[in-house]
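Asker: no sequence on hand, only this structure:
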């Protein structure tokens, strides 16, 4: 059954949209990512305008993240203190990102910028994560112990001022890099329609050295509020949030995230990172293909000004 999307101004199959929401929700609960890096390209691939896909995709990210975060909260695998600091940075980043998105949309450059941003970020993150995960899996098969952070072992981040102790994560680090990671995710959430988990999770693991067992839950906790704020700002500043599309995706996302959280508990950390890396690279290749492939229509007419 097709349903009409009033803001996107197109009709799409409701079962297909529900299935997309379920699939992305499953991956959200499994890997601790909001799923926006998947939902936004998928919506664009099926014909939803980029501006609407970016703004509306955030709604699905919220629903899937809430569902996944609740599952991790029950397992006590969320560091709320760390999540709140990330959230403060994320709010500032999302405000700046929505402002930048409005400028790009009014200049008619939003499609190409979104495509290039996805290709660059997904490509770099995917390659780095896959390389590290493959090396970890090889070490595991050889019986070598994984490289762990020993007490007293520090990197340059520990020399920064403003240190705070995060008990759940067993960390004592500066809030400066935590705020910067949160702000970066906020900007990405606004411009790319993502929760930022594909940046947040690697940054928490490799940069902040957060233990893997609390990374996913803490990431989802922060994503909930940053994407909620981003959605409200997009609706107010750009008017590109399609409520009908958002509702169908949200219902599917909530259901899928519960199953994803259960599946994620059955995989080893290095296996989860390898699967996420391959998924990121597949999306990157698909977005790159859309950028370089010859379009069906060589030109379109649209209003680019207010």
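Answerer: Here it is on my side, so go on. Everything numeric in this text was worked out from a predicted model, so none of it was measured.
Asker: ok, the residue nearest to residue 112 when sequence neighbours are not counted to residue 131 distance?
Answerer: Leaving out its chain neighbours, the residue that sits closest to residue 112 by CB to CB, 6 or more residues apart in numbering is residue 291, at 7.7 Å. Placement of C-beta: from N, CA and C, glycine included. Residue 291 sits at a distance of 24 Å from residue 131 (criterion: CB to CB, to the nearest Å).
Asker: where do the strands sit along the stretch 151-300 of the chain?
Answerer: 163-166, 171-174 (DSSP state E, counting those that start in this stretch).
Asker: note down every partner strand of the last one and its orientation.
Answerer: Paired with strand 171-174 in the same sheet, following DSSP bridges, are strand 163-166 (antiparallel).
Asker: buried ones in the strand it pairs with?
Answerer: residue 166 (16 or more other CB atoms under 10 Å).
Asker: who touches stretch 280-288?
Answerer: 37-38, 41, 45, 115, 118-119, 122-123, 125-127, 129-130, 198 (CB atoms under 8 Å, 6 or more residues apart in numbering).
Asker: centre of the chain to it, how far?
Answerer: Taking the mean of its C-alpha atoms, stretch 280-288 sits 15 Å from the chain's own mean (CA atoms, centre = their mean, to the nearest Å).
Asker: cool, stretch 215-224 as well?
Answerer: 10 Å.
Asker: residue 211 versus residue 134, what's the distance?
Answerer: For residue 134, the distance to residue 211 - CB to CB - is 22 Å.
Asker: of those two, give the one with the bigger neighbour count.
Answerer: Neighbours were counted for residue 134 and for residue 211 using other CB atoms under 10 Å; residue 211 has more, 18 against 14.
Asker: would you list the phi and psi of that one?
Answerer: phi -60, psi 140 (degrees, to the nearest 10).
Asker: and the residue lying closest to it once chain neighbours are set aside, how far from residue 77?
Answerer: Excluding the flanking residues, the one nearest residue 211 by CB to CB, 6+ apart is residue 169, at 6.0 Å. Applying CB to CB, the value for residue 169 to residue 77 is 10 Å.
Asker: residue 217 now?
Answerer: From residue 217 to residue 77 the distance is 4 Å (CB to CB).
Asker: who's more crowded, the two?
Answerer: residue 217 (25 against 21).
Asker: quick check, pLDDT for the nearest residue to that one once chain neighbours are set aside.
Answerer: Of all residues not flanking residue 217 in the chain, residue 72 sits nearest, at 3.1 Å (CB to CB, 6+ apart). Looking at residue 72, its pLDDT stands at 80.
Asker: could you report the neighbour count for residue 72?
Answerer: The burial count for residue 72: 24, using other CB under 10 Å.
Asker: tell me the contacts of residue 134?
Answerer: Contacts of residue 134 by CB under 8 Å, 6+ apart are residue 274.
Asker: helix, strand or coil for residue 131?
Answerer: helix (DSSP: H, G, I helix; E, B strand; the rest coil).
Asker: helix or strand for residue 7, which one?
Answerer: Applying DSSP states H and E as the criterion places residue 7 outside every helix and strand.
Asker: what sits closest to it if chain neighbours are left out?
Answerer: residue 242 (3.7 Å).
Asker: same check on residue 114?
Answerer: Here the residue nearest residue 114, using CB to CB, 6+ apart, is residue 50, at 5.4 Å.
Asker: for that neighbour, give its distance to residue 9.
Answerer: From residue 50 across to residue 9, the span is 14 Å (CB to CB).
Asker: the two: who's more crowded?
Answerer: With neighbours defined as other CB under 10 Å, residue 50 and residue 9 compare such that residue 50 has more, 21 against 11.
Asker: per-residue pLDDT, the more buried one?
Answerer: For residue 50, the predicted pLDDT is 77.
Asker: before we move on, what about residue 99?
Answerer: For residue 99, pLDDT reads 86.
Asker: give me the nearest residue to it, chain neighbours excluded.
Answerer: residue 237 is the one closest to residue 99 (CB to CB, 6+ apart), at 7.6 Å.
Asker: does the one you found touch residue 97 like I think?
Answerer: No. Using CB atoms under 8 Å as the test, residue 237 is too far from residue 97 to be in contact (10.8 Å).
Asker: and the two? which has more neighbours close in?
Answerer: The residue with more neighbours, out of residue 237 and residue 97, is residue 97; 25 against 16, by other CB under 10 Å.
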